[in-house]
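*Asks:* No sequence on hand, only this structure:
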């Protein structure tokens, strides 16, 4: 899931760094190389109606998008799709809100508590509470929650720290929403086919198309799917069809790259490109932290990747960097003073000695970040 | 502004009519004729970033979209743009919610009251209240509102009845939001250049591209523009760039059609096409109502159109039809029994003897509606 405080990012090059936005521009280089494989042409008269598929629970979803989502999950093996409803959203953020709406009982006396284990994605509390809904309310760290009625957000691999997570709460009345935005082979070994009740994904982190604003949900229960669809209907009356068609084209191009029988060209293999990049960037980052001596990073973990059919490291899309200098209590402020923009740990319900750093910026910006970090003592 | 209960529309042809959705498919015929003038090509690597214009209040807005919005308003003369911020939204519905968020004081004890003169657009109460926000709350007909703190929604020409409206409330603490979705030459004479504090528009009703989900707001006050932008950031982290580029292309093609110096082809004049269609459809509808004898319609009004430079009739996008039969209290139910789907007046805060009928369906569906209506006694 992307990052709603992205607007604070400063574009002036002299303080530009890997930034705090999570903008996945690293993938541009890959898509420039694919030529017209992912090019979309839309005639002026196309997709003018509100409707895409009136027989579907998600009546505004383009059937081609549904097909390509299912095809890609079957190719990667990261999530079950048989027996699931696919829903499309304006990014996965909209589907996150849709899930809160769908899972909150309409007749409850109190707003349903929304929790997640710290450090949690900083947008979860902001998005949950900005309209002061009477249906749901942010209630903080799942580990300190007491009660029977809740919605637990499980982000795995986790934003900001890349940890592999399961739900920590369990009760008959509680529900979990699994945010799997980063559960793709460039970031982590695909160790199992996830089959949770509600799973959220987005093109922002899978293919890098953040500006297209397309997310999807895999939902088991039809009534939950219907209520999530109702949310999107009331919120934005559907989802851009142009973006759905573009996402279908892009996801299809990714699957084509691995369609051996169909002659997929190896230079068009997105996850191979992404994995190489992430491995290299994590190597550079660990070396820079070691050269500096002032920072520490989460230990590297690995696992058997069923997609790549080999052991692979976890290469998170964000680095959860700790400043070990005793005179620094505000790591984000310290780094800002050295022209490195990050997001402070306290925005994630954590210690401000930690910061989150995006690993997905363009090469030039990433290289500047690394050289600046390595020079800090 | 489009119609969030559109999903209830039944697509089976045997009961298909002009329907209740307001789906503007009438315009497809025009865009088929324009060839590639409005065709969009998007390479796989384009617009991948969250950001479009970091120096703009609306940081996720494509500069080309901003330019084409201003150009079209200057061409038509329906709204002032100099000194205004342009904001883009996922349809005007999102910007409607953004305006409620921006205009509701964050420190108020009570939710701000949201009102509109009946008959009001049926989505206004639904969209205002579905999340039970503590910031704003639907309070019904503006004419019966008592209080100092409110947001008045002014839809002109009005959905559902096509009336030309001004705000009915006025107080220092109250604010108005002007929904001008239908203030275009195909629907009504352009009698003045509107210059309200907040004005909402959408491609759904101006060009017919409902599926593109692009609306825009013209906003005078910078702080209001900033808060509306914040809403869209938290709600969907920006707006599809693919759709913004498509809307820019489409709006540009409309302006090109009237760019005499640039050799605009007369067959590519959208408002001329729309006006001809609407005049013809209203003629057919009035004849059918007269042939039936069981229905009445609002009286035709007209005015001096500064765009067409001639006197022009008001040709609303919806017909506000009254069933005059004494044995019919539920006009929508009566028509449904005759395979005509409409939306009941009671959804608009009005008498269920009235229904709203879309005038923007494709020719074949509209013709069926007319012949069925004329045959009812």
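*Replies:* Happy to help now that I have it. In this text the structure is predicted, and so the values were computed from the model without any measurement. Numbers count the residues shown, from 1 in each chain, chains lettered A, B, ... in the order given.

*Asks:* does residue A:152 sit in a helix, a strand or a coil?
*Replies:* Under DSSP: H, G, I helix; E, B strand; the rest coil, residue A:152 falls in the strand class.

*Asks:* Same check on residue A:87?
*Replies:* strand.

*Asks:* for it, what are its contacts?
*Replies:* A:57, A:58, A:61, A:95, A:98, A:216, A:217, A:219, A:225, A:228, A:229, A:232 (Cβ atoms under 8 Å, 6 or more residues apart in numbering or on different chains). Heads up, the C-betas are built off the backbone N, CA and C, glycines and all.

*Asks:* Make sure the second one is indeed in a helix.
*Replies:* No - if the criterion is three-state DSSP, then residue A:58 is coil and not within a helix.

*Asks:* circling back: could you pick out the buried ones from the contacts of residue A:87?
*Replies:* With neighbours counted by 16 or more other Cβ atoms under 10 Å in any protein chain shown, the contacts of residue A:87 contain buried members at A:57, A:58, A:61, A:95, A:98, A:216, A:217, A:219, A:225, A:228, A:229, A:232.

*Asks:* Distance to chain B and secondary structure added to those, as JSON lines?
*Replies:* Shown next, in JSON lines, are these (distance: Cβ to the nearest Cβ, whole Å; DSSP: H, G, I helix; E, B strand; the rest coil):
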{"residue": "A:57", "distance to chain B": "10", "secondary structure": "coil"}
{"residue": "A:58", "distance to chain B": "10", "secondary structure": "coil"}
{"residue": "A:61", "distance to chain B": "11", "secondary structure": "coil"}
{"residue": "A:95", "distance to chain B": "10", "secondary structure": "helix"}
{"residue": "A:98", "distance to chain B": "11", "secondary structure": "helix"}
{"residue": "A:216", "distance to chain B": "14", "secondary structure": "strand"}
{"residue": "A:217", "distance to chain B": "14", "secondary structure": "strand"}
{"residue": "A:219", "distance to chain B": "17", "secondary structure": "strand"}
{"residue": "A:225", "distance to chain B": "13", "secondary structure": "helix"}
{"residue": "A:228", "distance to chain B": "13", "secondary structure": "helix"}
{"residue": "A:229", "distance to chain B": "8", "secondary structure": "helix"}
{"residue": "A:232", "distance to chain B": "10", "secondary structure": "helix"}
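
*Asks:* Between the residues you listed, which sits nearest residue A:25?
*Replies:* Of all the buried ones among the contacts of residue A:87, the one with the least separation from residue A:25 (Cβ to Cβ) is residue A:216, at 21.8 Å.

*Asks:* now residue A:332: how far from chain B?
*Replies:* Residue A:332 is 20 Å from chain B, where distance means Cβ to the nearest Cβ, to the nearest Å.

*Asks:* before we move on, what SS does that residue have?
*Replies:* Criterion first, three-state DSSP; result for residue A:332: helix.

*Asks:* Not counting residues beside it along the chain, what's closest to it?
*Replies:* residue A:344 (3.8 Å; Cβ to Cβ, 6 or more residues apart in numbering or on different chains).

*Asks:* Report the beta-bridge partner residues of the one you found.
*Replies:* Bridge pairing for residue A:344 (DSSP bridges) gives the partners residue A:355.

*Asks:* which residues touch it?
*Replies:* Contacts of residue A:344 by Cβ under 8 Å, 6+ apart are A:330, A:331, A:332, A:333, A:352, A:354, A:355.

*Asks:* how about JSON lines for those, with pLDDT and neighbour count added?
*Replies:* JSON lines is the format used below for these (pLDDT from 0 to 100; neighbours: other Cβ atoms under 10 Å in any protein chain shown):
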{"residue": "A:330", "pLDDT": "97", "neighbour count": "16"}
{"residue": "A:331", "pLDDT": "97", "neighbour count": "24"}
{"residue": "A:332", "pLDDT": "95", "neighbour count": "25"}
{"residue": "A:333", "pLDDT": "96", "neighbour count": "13"}
{"residue": "A:352", "pLDDT": "98", "neighbour count": "18"}
{"residue": "A:354", "pLDDT": "98", "neighbour count": "22"}
{"residue": "A:355", "pLDDT": "96", "neighbour count": "31"}
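
*Asks:* out of all of them, which helix in chain A is the longest?
*Replies:* Criterion DSSP state H: the longest helix present in chain A is helix A:270-292.

*Asks:* Contacts for that helix next, please.
*Replies:* Against helix A:270-292 from outside (Cβ under 8 Å, 6+ apart): A:26-27, A:29-30, A:76, A:184-187, A:207, A:254, A:257-258, A:266, A:295-297, A:300, A:307-308, A:312-313, A:315, A:317, A:319, A:321, A:359, A:366, A:370-371, A:373-377.

*Asks:* what's the answer for stretch A:317-333, then?
*Replies:* If you take Cβ under 8 Å, 6+ apart as the criterion, stretch A:317-333 is touched by A:22, A:24, A:119, A:157, A:159-162, A:182, A:187, A:205, A:278, A:282, A:285, A:289, A:294-298, A:334-335, A:342-345, A:352-360.

*Asks:* just the helices in the stretch 1-150 of chain A please.
*Replies:* Counting by DSSP state H, counting those that start in this stretch, residue ranges of the helices within the stretch 1-150 of chain A are A:28-33, A:63-76, A:91-103, A:123-129.

*Asks:* quick one on the thing from earlier: now do the longest helix of chain A against helix A:63-76, angle only.
*Replies:* Calculated by axes from the mean of the first three to the mean of the last three Cα atoms, to 10 degrees, helix A:270-292 forms an angle of 60 degrees with helix A:63-76.

*Asks:* pLDDT of helix A:270-292, averaged?
*Replies:* For helix A:270-292, mean pLDDT is 97.

*Asks:* for the helix or strand just after it, packing partners?
*Replies:* Per DSSP states H and E, the first helix or strand lying C-terminal to helix A:270-292 is strand A:295-296. On a contact count with 3 or more Cβ pairs under 8 Å, 6 or more residues apart in numbering or on different chains; DSSP states H and E, strand A:295-296 meets strand A:318-323.

*Asks:* contacting residues for residue A:181?
*Replies:* Contacts of residue A:181 (Cβ under 8 Å, 6+ apart): A:1, A:2, A:92, A:155, A:159, A:200, A:201, A:202, A:204, A:205, A:206.

*Asks:* Show the contacting residues for residue A:214.
*Replies:* Residues in contact with residue A:214 (Cβ under 8 Å, 6+ apart) are A:65, A:88-91, A:202-203, A:239-240, A:243-244, A:246-247, B:240.

*Asks:* Return the set of residues that bridge with it.
*Replies:* Under the criterion used (DSSP bridges), residue A:214 bridges to residue A:90, residue A:91.

*Asks:* Residue A:357 sits in which helix or strand?
*Replies:* Per DSSP H and E: strand A:354-358 holds residue A:357.

*Asks:* what's next to that strand, contact-wise?
*Replies:* When contacts are defined by Cβ under 8 Å, 6+ apart, strand A:354-358 is touched by residues A:18-23, A:119, A:159-161, A:317-323, A:331-332, A:335, A:340, A:342-345, A:348, A:369.

*Asks:* Get me the contact residues on the stretch 151-300 of chain A for chain B.
*Replies:* Contacts of the stretch 151-300 of chain A with chain B, taken as Cβ under 8 Å from any Cβ of the partner chain, map to A:204, A:208-214, A:231, A:233-243, A:246, A:249-250, A:253.

*Asks:* Turn the contacts of residue A:181 into a markdown table, including pLDDT, neighbour count and secondary structure.
*Replies:* As requested, the contacts of residue A:181 are exported to a markdown table (pLDDT from 0 to 100; neighbours: other Cβ atoms under 10 Å in any protein chain shown; DSSP: H, G, I helix; E, B strand; the rest coil):
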| residue | pLDDT | neighbour count | secondary structure |
| --- | --- | --- | --- |
| A:1 | 37 | 27 | coil |
| A:2 | 43 | 24 | coil |
| A:92 | 97 | 27 | helix |
| A:155 | 98 | 25 | strand |
| A:159 | 97 | 28 | coil |
| A:200 | 98 | 28 | strand |
| A:201 | 98 | 29 | strand |
| A:202 | 98 | 28 | strand |
| A:204 | 97 | 29 | helix |
| A:205 | 97 | 27 | helix |
| A:206 | 98 | 30 | helix |
